[in-house]
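> Provided below are the primary sequence and the corresponding predicted coordinates.
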Amino acid sequence: MSASPETITITGCGAVCSAGDERALWVALDAGTPAFRPWAGDGTGLPGVVGAQLGWDRKELRSLPGGKGLRPGTMTWHTVLASGAVGRALADAGIHQPEADPDEIADRRAVILGSMTNFPELDKHVRLTHTMSNEAAAAQGRYEIDDARVMAGMKGFTGFDFLKLMNNMPTAHAVLMANARGPANTYLGGASSLVAVARAADQIGAGLADQVVAGGTGPGAHEGFVLARHARREVAELTEVPNVFPASTRAVPGDGAAVFVLEREATASARGARVRARIVVADDRFAEPAVDHGCATAEQIAHFAHLLLERAGWDPKSVDLVGLSGSGDERIDGPERAAAALVFGPAADGPARVLPGSVIGWCESAQGALSLAAVLQAFEAGRAPGGVPLVGPWAEAEPRVGSRSHAPRRALVLSAAPGGTLAGLCVEAG
Amino acid sequence: MRRVVVTGMGTVTPHADSPDRLFAALAEGRSAVDWITLFDPIHHPTRIAAEVRYPVPGPDRVGPYDATDRTTRFAVRAASLAMADAGLDRAEPGSQAHDRRAVHLTVGVGSTAMELLGPATLHAWGPPAAGAPRELASLRSRLAAHPEEAEGLDTWFCEHTAPALGHVFGAGRVNTAASACASGSHAIVDAATLLRLGKADTVLCGGVCTPITRAMIPGFSMLSALSTRSDDPTKASRPFDAGRDGFVMAEGCSLLVLEGLDTALARGARIHGELLGIGIASDSYRLTDPEPSGRGMAAAMRGALRDAGRRPEDVDYINAHGTSTKLNDAAESRAIKTVFGERARQVPVSSCKSMFGHLIHAAGVTEAIVCIETMARSILTPTINQDEPDPDCDLDYVPNVARQAAVRLALNNSFGFGGQNVSILLAPWDGSRP
């Protein structure tokens, strides 16, 4: 292995979110139309009444490249979202029958995805929890487990109910879809989708793969995540669907995934692939927060952004777009917004902000990748998105539309997650 | 290419929390498998596991992070031991050392968050015997109105352990990853990649897993993955033996400090060994079963050899993945024959899982530690419980008794659910400078 100054291209992009696919994400961002909706029927009882769920039939997976052999019953929602984005990315990259690719291509194809800890649907597992309780203690209002009742509660479970909880399952399914026989890995955490893209670039640079399917999945509207975030007062408890970017300091939970096909320029050229963008630099850092579940400070994010720009050899004035979370959670948005101001100066002269969260909510680990997907759409459209009407802190600080008159060619995409991980990349239009 | 060396080892395993005592136990052929004590398993199809049965000391908080859960407790302890072994203190944030350090941790499922929702289920649905309808909407409404009852769900997320290690170590880069049973070795691969690319100088890497829970034991039993030989715990894990019937679940954490050789020499670090080669490949076959010919496993082994510029005939010892499942052990034996050809039956192959069970995310790194100790002591640890030969597994598995042998190159295999295969090549440091 040797570190090679390879040019790494993005030849495919696929996304799934509450707005639809990657093109629908762009339309929503450009038109300023949030894709929030009342929780579906099976979401009753969740805090607030609004989320950015993805209403999607798992059976659609079968029509995607590599999707024929998938068994949606073996998947948690993390994996369903990831698989949808993987399939779309493969199709966009012109890889329509990965199972037919020769060994020399499959052997050099890798998969790296970002995700959160895999989480089951609540139904079976909480009923098991209830069944396991000691009756005498329960009659007194105390919860204690009666080990003798565990196996009775397990009736109705299969091994796949537990297999699908393994954290590598989104990647394991993606490996099958993509017929990838090279390296495969899953990163976990709120910024993990861009960490995955950064590691994918490393893999190519280190000669471990020629082509990497990389991105992330974030089932932020999954009831388990919503309830866990609600316990920490992090969920926006909206009582009606907003048509503006929420002024609340909490996130609207959203489902989403975005995946890309990265490959060395020589490989892309050899197969005549369309180059959507080039990754100039990609990396991640850890900025320990002051409190658990806290985020990096504006200064820490700005420092990281400067590092990326310096390594890319970019003057901040040359950046046309900056992708940020736009989560609605001020713990994240505040530092990101302030960091952008520190790096790029006054908002009126700076690059346009691309805020996917403003239309599709907070998609956890997929947020960074969804920002990148939106940026790629902006490159294709030749302009910055129109954007959602902004209120509150964002409206006070940011322009609605970028001031640049030329088509955007350079973007900095950042992802700052609770817990302290920062990930980002500098990407240039193809 | 930058050379990568091992300068620190820390471990919390069922046998012991030191590499010395761990290796001594393995060399004696001592099993750590016993009846489960973390809960009452009497009604479960599998009642045995390899638990950590000694107190694991550690703080309740590490910086801003809670460290009371079993997973984080093990990881913080192993990190402290690895750092002490490497002669490293915490690097201060803002220092160059901090910026050039990384933590790469693989973490498995281990929490019991569903159990922590128990009180909420009682409030929403009453006692189980009451027979009231159990509608999720009413549970959700209860949790929406009483969010404090959902606080336990946080413990399900395993992403908080690595940041805690980031605080302990003082790291400017912290990642959490998972590739099932290949995770621990994959952490070594990822760490080596960072070092080789010059993105870090010192990486604390490894894996932790605490899967011995009321849900995971029966869950894996339903996959027919676990041994049901509960009547004789120390005999249950029998990799490559014809009587094998599944793996034995284990818990623990192992961490290595990997550094660039240049950095290690500059600070006068003691060098335990050198990482010469890494190989990774995916089966792209099925979610659980390994590809039967061992194609992906062989690709990983060949990749490690190619990366190191070595040949199969240079390998003196293979530390097998050797889980004691019918499919893995047969496929791995085939893969070894594919790579080593005629010499396959002469290379000793042993599986530590015969004694400490399957540590899942911590397996590969723990076995790397065993490889390093093997090379240092010239002792091959045995594969115990070799009673009945299997014609599909006909290699030299160092049956039952340890053996003296000089080992200059050790190959460590780790193959995971989902067909993820990692092999690493380790050797004693030869004293040469970069």
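It's in.
> Could you pull out the helices in the stretch 251-400 of chain B for me?
Using DSSP state H, counting those that start in this stretch, the helices of the stretch 251-400 of chain B run over residues B:261-266, B:295-308, B:326-340, B:353-356, B:363-377.
> nearest to chain A, of those helices?
With distances scored as CB to the nearest CB, the stretch of these nearest to chain A is helix B:295-308 (6.0 Å). Yep, even glycine has a C-beta here, placed from its N, CA and C like the rest.
> and B:V189, what does it touch?
A:P183, B:I278, B:I280, B:V422, B:I424 (CB atoms under 8 Å, 6 or more residues apart in numbering or on different chains).
> likewise B:L305?
When contacts are counted by CB under 8 Å, 6+ apart, B:L305 touches B:G277, B:G279, B:R311, B:P312, B:D314, B:V315, B:V339, B:L411, B:L425.
> how much space between it and B:G94?
According to CB to CB, to the nearest Å, B:L305 stands 42 Å off from B:G94.
> Can you tell me the element B:N175 falls in?
Following DSSP states H and E, one finds B:N175 within strand B:173-178.
> so how far does stretch B:198-207 reach from one end to the other?
Taking CA to CA, to the nearest Å, stretch B:198-207 runs 23 Å from one end to the other.
> Could you give me the buried positions within it?
B:K199, B:A200, B:D201, B:T202, B:V203, B:L204, B:C205, B:G206, B:G207 (16 or more other CB atoms under 10 Å in any protein chain shown).
> what's the pLDDT at the third one?
This points to B:D201. For B:D201, the model assigns a pLDDT of 98.
> ditto for A:P399
At A:P399, pLDDT is 49.
> is it fair to say B:M114 lies in a helix?
Yes - under DSSP: H, G, I helix; E, B strand; the rest coil, B:M114 falls within a helix.
> just checking, it touches A:D123?
No - the pair B:M114 and A:D123 fails to qualify as a contact (CB atoms under 8 Å) at a distance of 11.1 Å.
> Specify which residue of these two has the higher count of neighbours.
Set B:M114 next to A:D123 and count neighbours by other CB atoms under 10 Å in any protein chain shown: B:M114 wins out with 25 against 13.
> Just list the residues touching the more buried one, thanks.
Going by CB under 8 Å, 6+ apart, the list of residues near B:M114 reads A:P120, A:H125, A:V126, A:L128, A:T129, B:A215.
> As CSV, those with distance to A:A277, secondary structure and neighbour count would be great.
Shown next, in CSV, are these (distance: CB to CB, whole Å; DSSP: H, G, I helix; E, B strand; the rest coil; neighbours: other CB atoms under 10 Å in any protein chain shown):
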residue, distance to A:A277, secondary structure, neighbour count
A:P120, 36, coil, 21
A:H125, 41, helix, 21
A:V126, 44, helix, 24
A:L128, 46, helix, 24
A:T129, 46, helix, 27
B:A215, 43, coil, 26
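> With pLDDT and distance to B:G170 added, can I get the residues you listed in a markdown table?
Shown next, in a markdown table, are the contacts of B:M114 (pLDDT from 0 to 100; distance: CB to CB, whole Å):
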| residue | pLDDT | distance to B:G170 |
| --- | --- | --- |
| A:P120 | 81 | 36 |
| A:H125 | 87 | 38 |
| A:V126 | 89 | 40 |
| A:L128 | 90 | 41 |
| A:T129 | 90 | 39 |
| B:A215 | 84 | 35 |
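> where does chain A dip in pLDDT?
For chain A, applying pLDDT under 70 flags the ranges A:1-5, A:40-42, A:242-249, A:347-349, A:387-405.
> sec struct for the most centrally placed residue in it, please.
The centre of chain A sits closest to A:A366, judged by CA atoms, centre = their mean, with a distance of 1.0 Å. Classification of A:A366 using three-state DSSP returns helix.
> The closest residue to it other than its chain neighbours: helix or strand, and which one exactly?
With sequence-adjacent residues excluded and distances taken as CB to CB, 6 or more residues apart in numbering or on different chains, A:A366 is closest to A:G218, at 3.1 Å. In this structure, A:G218 is located in strand A:211-219 according to DSSP H and E.
> Which other helices and strands does that strand contact?
helix A:77-92, strand A:109-115, helix A:169-178, helix A:192-205, strand A:255-264, helix A:367-381 (3 or more CB pairs under 8 Å, 6 or more residues apart in numbering or on different chains; DSSP states H and E).
> what sits against the closest residue to A:Q97 other than its chain neighbours?
Once flanking residues are discounted, A:Q97 sits nearest to A:P65: 6.7 Å by CB to CB, 6+ apart. A:P65 makes contacts with A:G87, A:L90, A:A91, A:I95, A:H96, A:Q97, A:P98, A:M177, as judged by CB under 8 Å, 6+ apart.
> Buried subset of these as a ChimeraX selection?
Buried residues among the contacts of A:P65 (16+ other CB under 10 Å), as a ChimeraX selection:
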select /A:87,90,91,95,98,177
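> neighbours of residue 18, just the number please.
Going with chain A. Using other CB under 10 Å, A:S18 is surrounded by 28 other residues.
> hmm, I had chain B in mind actually
Around B:S18 there are 16 residues (other CB under 10 Å).
> My guess is it contacts B:A82. True?
No - B:S18 is beyond contact range of B:A82, at 11.2 Å (criterion: CB under 8 Å).
> any residues in contact with both of these two?
Shared contacts of B:S18 and B:A82, defined by CB under 8 Å, 6+ apart, are not found at any residue.
> Just the residues contacting stretch B:87-105, thanks.
Contacts of stretch B:87-105 from elsewhere in the structure, counted by CB under 8 Å, 6+ apart, are A:286, A:288, B:7-8, B:75, B:83, B:161-162, B:165-177, B:187, B:190-191, B:194, B:199-208, B:255, B:257, B:267, B:269-270.
> Among the residues you listed, which are located in helices?
Counting by DSSP state H, the members of the contacts of stretch B:87-105 that fall within helices are B:75, B:83, B:161-162, B:165-169, B:187, B:190-191, B:194.
> Could you pull out the strands in the stretch 201-350 of chain B for me?
Counting by DSSP state E, counting those that start in this stretch, one finds strands in the stretch 201-350 of chain B at the ranges B:202-209, B:252-260, B:273-282, B:317-319, B:349-350.
> what angle do the longest one and helix A:169-178 make?
When you say that, I think you mean strand B:273-282. Inter-element angle recorded for strand B:273-282 and helix A:169-178: 60 degrees (by axes from the mean of the first three to the mean of the last three CA atoms, to 10 degrees).
> Relative to strand B:273-282, what are the paired strands and their orientations?
strand B:4-12 (antiparallel), strand B:420-427 (antiparallel) (DSSP bridges).
> Please apply the same query to the first one.
Strand B:202-209 has the following sheet partners, assigned by DSSP bridges: strand B:101-107 (parallel), strand B:252-260 (antiparallel).
> how distant is the shortest one from the center of its chain?
Using CA atoms, centre = their mean, to the nearest Å, the mean C-alpha position of strand B:101-107 is found 13 Å from that of the whole chain.
> And that strand, what's buried?
B:R101, B:A102, B:V103, B:H104, B:L105, B:T106, B:V107.
> Tabulate the residues you listed (TSV), appending distance to B:E135 and pLDDT.
Below are those laid out as TSV (distance: CB to CB, whole Å; pLDDT from 0 to 100):
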residue	distance to B:E135	pLDDT
B:R101	50	98
B:A102	47	98
B:V103	43	98
B:H104	43	97
B:L105	39	97
B:T106	38	96
B:V107	34	91
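> With distance to A:R71 added, can I get those in JSON lines?
Output for the buried residues of strand B:101-107, formatted as JSON lines (distance: CB to CB, whole Å):
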{"residue": "B:R101", "distance to A:R71": "42"}
{"residue": "B:A102", "distance to A:R71": "37"}
{"residue": "B:V103", "distance to A:R71": "35"}
{"residue": "B:H104", "distance to A:R71": "32"}
{"residue": "B:L105", "distance to A:R71": "30"}
{"residue": "B:T106", "distance to A:R71": "26"}
{"residue": "B:V107", "distance to A:R71": "26"}
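> A:D255: which of the residues you listed is nearest?
When the buried residues of strand B:101-107 are compared for distance to A:D255 (CB to CB), B:V107 wins out at 23.6 Å.
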